[in-house]
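Peer 1: Sequence first, predicted model second:
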Amino acid sequence: MASATAAPARSAATARAPRLEGEEEELACNDVSNSVPSFKAADTVVQLSESQKPKPVLEGLQFGTVFTDHMLVIEWSSEGGWGKPHIQPFGNLSIHPACSALHYAVQLFEGLKAYRGQDNKVRLFRPMLNMKRMLKSARRACLPGFDGAELLECIRKLLEVDQEWVPQSDSASLYIRPTYVGTESSLGVKKPMQALLFVILSPVGSYFSTGTKPVSLWADSKYIRAWRGGTGDCKMGGNYGASIYAQYEAVDYGCQQVLWLYGDDHQITEVGTMNLFLYWVNEEGEEELATPPLDGIILPGITRQSILELTRKWGEFKVSERYLTMADLRLALKENRVKEMFGSGTACVVSPVGRVLYQGENLEIPCEVNCSGLVSRLQQELTDIQYGRTPSDWAIVV
């Protein structure tokens, strides 16, 4: 039989998730570690799988198709509050047919990765920012709050159990998918009285089948990813499900991803499921790295924030959060002011853009991915931190 044991108790000094330098202040500001009723990682019950699945061959592995031996499950109800966290064999969930997540999209998720360095240590990249964003999404979905530090510690315990699944490769990682759904077992648009928080793990290689080659984008105002007052700044499944139709239309036009536009002036917002950056010489003749501001439409990406902080620390060019339009891009390309354009996200880190199809015109974007361009430099510096080649407070050793 599978074994069931309570997780060993940790001392008071280590009962919570590991802290980065200066993180106590950050947690206080971000309301991630708070006084709301929450499950406790120290109460985690571990039930080990009787058998272990074979590890996949990483070469050619399709993103998110293989899963590890175990998962984390935590239940909540309005009557009993949070239950104990359970690490258990990976398996299907049992839910009521009237589940509110199925009918009214009362659900959200996060995405982060575990990286194995050459020193064989496993690291997480700025995971408390994921906890902050998840709690923001939960509030928007009317799902109960929890202590983000406790969830991170539960994830650490899950990684300890399935640590052999973290690839021994500097081009692969273990994707971590925390998911939070309303499981109210009655019809009616209302705040759920039951919920389920679970975490699954999946070894992954490159997100795009083209690897780090430049992607092509279809820019059209026909479809809108998000709007002011909506949920574009939250990581909710409905934002992604509603984008699939447009994605397939982009493919019909010979493009790989959608460049999402907004408003009558065709503001550039996001690319596919990524934040977008434009490295150019702006209208004032300044060398600038620009990305759309967080105005409620844009998802506050962890990689996005890291790129902004990293490049501002370099102090080599202007770094701005500003609105960009297709007219701005067109004119800049005509005047040879565009240096590079790229998307950023957890799945791909940075992804260069090579072409934009807009109003029947192919806009060719300069790319320097095979030499000393900004995309290559950011990819190197960020992955050096993630895999432990460069010491940084942004990386937490599991």
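Peer 2: Cool, the structure landed.

Peer 1: centroid residue for this structure?
Peer 2: Against the mean C-alpha coordinate of the chain, by C-alpha atoms, centre = their mean, the closest residue is residue 111 at 3.7 Å.

Peer 1: wouldn't that residue be in contact with residue 303 here?
Peer 2: No: using C-beta atoms under 8 Å, residue 111 makes no contact with residue 303, being 10.5 Å away. For the C-beta atoms, the positions are set from N, CA and C on the backbone; glycine is no exception.

Peer 1: Name the residues contacting each of those two.
Peer 2: residue 346 (C-beta atoms under 8 Å, 6 or more residues apart in numbering).

Peer 1: quick one: the strands in the stretch 251-398 of the chain?
Peer 2: Ranges of strands within the stretch 251-398 of the chain are 257-262, 267-271, 274-281, 287-291, 318-321, 338-345, 349-358, 361-364, 395-397, based on DSSP state E, counting those that start in this stretch.

Peer 1: Run the chain-centre distance for the shortest one.
Peer 2: So the one you mean is strand 395-397. 17 Å (C-alpha atoms, centre = their mean, to the nearest Å).

Peer 1: Can you mark which positions in that strand are buried?
Peer 2: Applying a neighbour-count criterion of 16 or more other C-beta atoms under 10 Å, the buried positions in strand 395-397 are 395, 396.

Peer 1: What strands flank that strand, and is each parallel or antiparallel?
Peer 2: Strand pairing for strand 395-397, using DSSP bridges, gives strand 122-125 (antiparallel).

Peer 1: Quote the end-to-end distance of stretch 237-251.
Peer 2: In stretch 237-251, first residue to last residue: 21 Å (C-alpha to C-alpha, to the nearest Å).

Peer 1: residues in contact with that stretch?
Peer 2: 105, 107-109, 217-218, 222-223, 225-226, 231-232, 256-258, 272-273.

Peer 1: what's the spacing between residue 137 and residue 35?
Peer 2: 20 Å (C-beta to C-beta, to the nearest Å).

Peer 1: Among these two, which residue is more densely surrounded?
Peer 2: residue 137 (21 against 8; other C-beta atoms under 10 Å).

Peer 1: Would you enumerate the residues in contact with the more buried one?
Peer 2: 108, 110, 180, 234, 235, 236.

Peer 1: which of the residues in the helix or strand it falls within are buried?
Peer 2: Element membership of residue 137, judged by DSSP states H and E, is helix 127-140. Neighbour-count burial for helix 127-140 flags 127, 128, 129, 130, 131, 132, 133, 134, 135, 136, 137, 138 (criterion: 16+ other C-beta under 10 Å).

Peer 1: doesn't residue 302 make contact with the fourth one?
Peer 2: Yes: under the criterion of C-beta under 8 Å, residue 130 is in contact with residue 302, at a separation of 6.3 Å.

Peer 1: Return every residue with contacts to both of those two.
Peer 2: With C-beta under 8 Å, 6+ apart, residue 130 and residue 302 have common neighbours residue 112.

Peer 1: So for the residue nearest to the centre of the chain, what's the pLDDT?
Peer 2: At residue 111, the pLDDT value in this model is 97.

Peer 1: wait, what's in contact with the nearest residue to residue 351 once chain neighbours are set aside?
Peer 2: Spatial nearest neighbour of residue 351, chain neighbours left out: residue 343 (4.6 Å); criterion: C-beta to C-beta, 6 or more residues apart in numbering. Contact analysis of residue 343 by C-beta under 8 Å, 6+ apart lists 215, 257, 270, 271, 272, 274, 275, 276, 277, 350, 351, 353.

Peer 1: Much appreciated, bye for now.
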